[in-house]
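K.L.:
structure, please.
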Amino acid sequence: MRGTVLKSTGSWYEVLTEDEQIIQCRIKGKLRLEGVRETNPVAVGDYVTYELEDVNGVISEILPRKNHLLRQAVKKSGHSHILAANIDQALLIVTLKQPRTSLGFIDRFLISAEAFRIPQLIVFNKSDLLSQEALTEQSELQKMYNSLGVHSICLSAINEEMDELLELLENKITLMAGHSGVGKSTILNKLAPEFQQTTQEISNFSQKGTHTTTFAEMFRLNKSSFLIDTPGVKEWGLVDMEQQEISDYFIEMRELRLSCKFGSKCLHLQEPGCAIQKGILEGKISEARYHSYKSMVLGEDNRK
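P.N.:
Have a look, this model is predicted:
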């Protein structure tokens, strides 16, 4: 029998069956394969086969994935953590205040998705908290990301309806990610009031959110639209990316880099005849995006 993993708690998995039932499943022992350096061998969004065992099920096989989105595991060195599999697009919720999302974090998320050619969306939330200066900054960021083909919108989740966002999610399986406190649960509550996820206030002391989502979970917004809510993350570490390949995942660098004097060996740092450096001078690549790129290539701590 086949099904789709809706929720992962690490030990048990909620699986949506082909006849629209939800059953609790555990993993068959052999799925914990030697050599697999992932903290979660079964991820939300996985298509699986399972066998019934009384009222529960046992997942016996993970079917081939069309893609997945992963990041560096925080608590287990050298391992990765899969946020979700078989997704149609990746949605990042960001805020410029309470808490502030850094450009480095945004760009690490975007290129992690781009590495699997997963389309990306950005929602700038909490616009109601911004000063005029901050609203101008947000508008400039929107223009920059929209010019790269990354669709972005701004809103205030507590004050506005979600019609525009719901339209972007229609007929797709979407992964939603972001720092704790950026309003993921509030947005989900507006999109699907029947689920009512717990929300919490931002700490006045730290200006950071606290985790209200503990495990990744897929929610059905309507018959053909699904949203995967993920726990808030403080940082986004890249996984299995060589220095030379990172520029391929920066959309604005992808074609330009082919003209570099040293070809694929060019890291676009200080090499002579670098087309990326020329592109920055000509305004084809923003200095902010290049700063993100450089920090990734040099392995600087720009994950937050």
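K.L.:
and the helix or strand encompassing A134, average pLDDT?
P.N.:
If you go by DSSP states H and E, A134 is part of helix 132-147. For helix 132-147, the mean pLDDT works out to 96.
K.L.:
show me how this structure divides into domains.
P.N.:
2-62, 89-229, 243-298 (automatic domain parsing).
K.L.:
could you list the low-pLDDT ranges of the chain?
P.N.:
30-39, 73-78, 196-214, 301-304 (pLDDT under 70).
K.L.:
just give the closest residue to the residue nearest the centre of it, not the sequence neighbours.
P.N.:
Closest to where the C-alpha atoms of the chain average out (C-alpha atoms, centre = their mean) is A177, at 4.8 Å. Leaving out its chain neighbours, the residue that sits closest to A177 by C-beta to C-beta, 6 or more residues apart in numbering is T230, at 5.0 Å. All C-beta spots, glycine's among them, are computed from the backbone N, C-alpha and C.
K.L.:
wait, what's in contact with the residue nearest to the centre of the chain?
P.N.:
Under the criterion of C-beta atoms under 8 Å, 6 or more residues apart in numbering, the contact list for A177 reads L83, A90, L91, L92, I93, F109, K184, T230, V233.
K.L.:
please apply the same query to K97.
P.N.:
Here K97 is in contact with K126, L129, L130, A134 (C-beta under 8 Å, 6+ apart).
K.L.:
so which of those are in helices?
P.N.:
A134 (DSSP state H).
K.L.:
out of the contacts of K97, which is nearest to E61?
P.N.:
Of all those, E61 sits closest to K126, with 42.7 Å by C-beta to C-beta.
K.L.:
look up how far V58 lies from the closest one.
P.N.:
Per C-beta to C-beta, to the nearest Å, K126 is found 43 Å from V58.
K.L.:
settle it for me: which of those two has more neighbours?
P.N.:
Ranked by neighbour count (other C-beta atoms under 10 Å), K126 and V58 place K126 first, with 25 against 15.
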